[in-house]
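[1] this one's sequence-less:
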């Protein structure tokens with residue numbers, strides 16, 4: 001801004017103030033304002049000597065953690081304290097810069113197994129250092145501060161998935177992959193020695209129709225456990241079912257050796273649903289279509305039911321067409337044993 005412009009603005013402001021002060025009502029307003037400020041000042045001074053209640057929030061910080069230890073369960077992030085004290089002290093707390101953070105010395109409060117628990121009188125003593133001797137703690141939330149520190153020597157354990165994974169009726173789950181398949185576990189020694197794996201929280205994944213990845217939380221079987229990484233992912237490969245079929249010969253099954261089976265027709269079509277991934281590996285040799293001798297019924301008027309006694313795993317919706325065939329049993333006649341002709345001995349007398 002140019003000097004001339006500044007001077008013009010100042011002169012304008014002075015003129016406006018002078019004009020305001022020459023107005024009769026404005027003088028009365030100024031007198032009222034001064035009186036109000038004076039009353040407020042005296043009221044404020046009187047209240048500084050009276051007790052007041054105020055709520056303060058402190059950020060918690062765990063200090064002096066040994067270098068060979070690791071924090072597996074931290075303190076709560078904040079603690080809220082309701083305090084009653086003189087007004088002048090309340091004002092002092094508000095302007096004190098270091099007032100908003102509360103340090104907790106690890107070495108002073110850590111107990112057996114690295115468990116830190118501060119409650120009751122110990123918590124009051126810790127907080128009282130932030131206030132004057134005249135202050136009264138009315139309430140503390142939370143009323144218990146807990147944390148865990150353990151030796152910085154974890155164990156790597158495998159992850160075990162817990163739950164159910166199922167595709168819808170038109171798809172199939174081909175593969176599931178956990179990554180990572182193991183995690184580094186930190187915990188109190190008496191807990192860590194009992195673990196053989198880390199389980200996931202139970203999952204119910206049903207009706208899947210597409211390949212997907214699901215984040216999994218890991219189950220903490222005890223307080224003071226820490227996982228690195230803190231979660232795992234389950235990759236689920238889902239593919240659709242397709243229809244396929246083979247024409248197979250009908251074979252006899254469990255028939256006595258003297259019977260010969262003839263069926264009409266001698267072959268039948270087996271259709272089924274199979275995943276795209278499995279389709280490439282399925283062949284007719286994976287099936288065996290038979291007439292079971294045990295299932296033959298004399299009342300069925302020459303009809304025999306077809307069944308599969310061999311089929312690959314993973315296929316579904318299997319259908320045989322036709323489901324029954326006409327059949328004929330031929331019984332072979334046993335060969336008769338021929339006896340060797342008996343020797344004939346003739347006697348010839350002496351003639352005279």
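    Received, thanks. Note that the structure is a prediction, hence the values are computed from the model and not measured.

[2] pLDDT score assigned to residue 105?
    According to the model's per-residue confidence, residue 105 sits at a pLDDT of 92.

[3] Next, it: phi, psi?
    Recorded main-chain torsions at residue 105 are phi -80, psi 120, according to degrees, to the nearest 10.

[4] what's near enough to touch it?
    With contacts defined as CB atoms under 8 Å, 6 or more residues apart in numbering, residue 105 is in contact with 63, 64. C-beta coordinates here come from the backbone N, C-alpha and C atoms, glycine included.

[5] rerun that using 10 Å as the cut-off
    When contacts are counted by CB atoms under 10 Å, 6 or more residues apart in numbering, residue 105 is found next to 62, 63, 64, 65, 116, 126.

[6] Could you pick out the buried ones from the residues you listed?
    Among the contacts of residue 105, those that count as buried by neighbour count (16 or more other CB atoms under 10 Å) are 62, 65, 116, 126.

[7] among the residues you listed, which are in helices?
    Cross-referencing the buried ones among the contacts of residue 105 with the helices (criterion: DSSP state H) gives residue 126 as the overlap.

[8] which residues of the protein score low on pLDDT?
    Within the chain, the segments meeting pLDDT under 70 span 1-50, 87-88, 91, 94-99, 298-301, 333-352.

[9] Show the subsequent helix or strand relative to the lengthiest strand in the chain.
    When the chain is scanned for its longest strand (criterion: DSSP state E), the result is strand 231-253. Using DSSP states H and E, the helix or strand that follows strand 231-253 in sequence is strand 259-264.

[10] and that following strand with strand 231-253, angle?
    For the pair strand 259-264 and strand 231-253, the angle between their directions (axes from the mean of the first three to the mean of the last three CA atoms, to 10 degrees) equals 110 degrees.

[11] Direction included, what does strand 259-264 pair up with?
    Sheet partners assigned to strand 259-264 using DSSP bridges are listed as strand 324-331 (antiparallel).

[12] So the residue nearest the centre of the chain versus residue 200, what's the distance?
    Relative to the mean C-alpha position of the chain, the nearest C-alpha, by CA atoms, centre = their mean, is the one of residue 216, at 2.6 Å. Taking CB to CB, to the nearest Å as the measure, residue 216 falls 4 Å from residue 200.

[13] One more: residue 181?
    When CB to CB is the yardstick, residue 181 and residue 200 sit 12 Å from each other.

[14] do residue 175 as well
    Per CB to CB, residue 175 is found 17 Å from residue 200.

[15] ok, back up a step: what's the overlap in contacts for residue 216 and residue 200?
    What both residue 216 and residue 200 touch, as defined by CB under 10 Å, 6+ apart, is the set 159, 161, 162, 163, 178, 231, 232, 234.

[16] elements contacting whichever strand or helix holds residue 148?
    Residue 148 is part of strand 144-151, with elements assigned from DSSP H and E. Based on contacts counted as 3 or more CB pairs under 10 Å, 6 or more residues apart in numbering; DSSP states H and E, the elements that strand 144-151 packs against are strand 51-63, strand 69-73, strand 101-105, helix 106-109, strand 115-119, helix 120-128, strand 182-186, helix 189-192.

[17] strands paired with that strand, and their directions?
    strand 69-73 (antiparallel), strand 115-119 (antiparallel).

[18] for whichever helix or strand comes after the first one, which positions count as buried?
    Later in the chain than strand 69-73, the nearest helix or strand by DSSP H and E is strand 78-86. Within strand 78-86, the residues that qualify as buried by neighbour count (16+ other CB under 10 Å) are 79, 81, 83, 84, 85, 86.

[19] can the residues you listed go into TSV with extra columns for distance to residue 133?
    Supplementary listing: those in TSV, determined by distance: CB to CB, whole Å:
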residue	distance to residue 133
79	21
81	16
83	12
84	13
85	10
86	11
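
[20] out of these, which one sits closest to residue 227?
    Within the buried residues of strand 78-86, the smallest distance to residue 227 is 26.5 Å, found for residue 79 (CB to CB).

[21] which ones are touching that closest one?
    Taking CB under 10 Å, 6+ apart as the contact definition, residue 79 lies against 56-60, 102, 104, 118, 123, 126-127, 140-143, 145.
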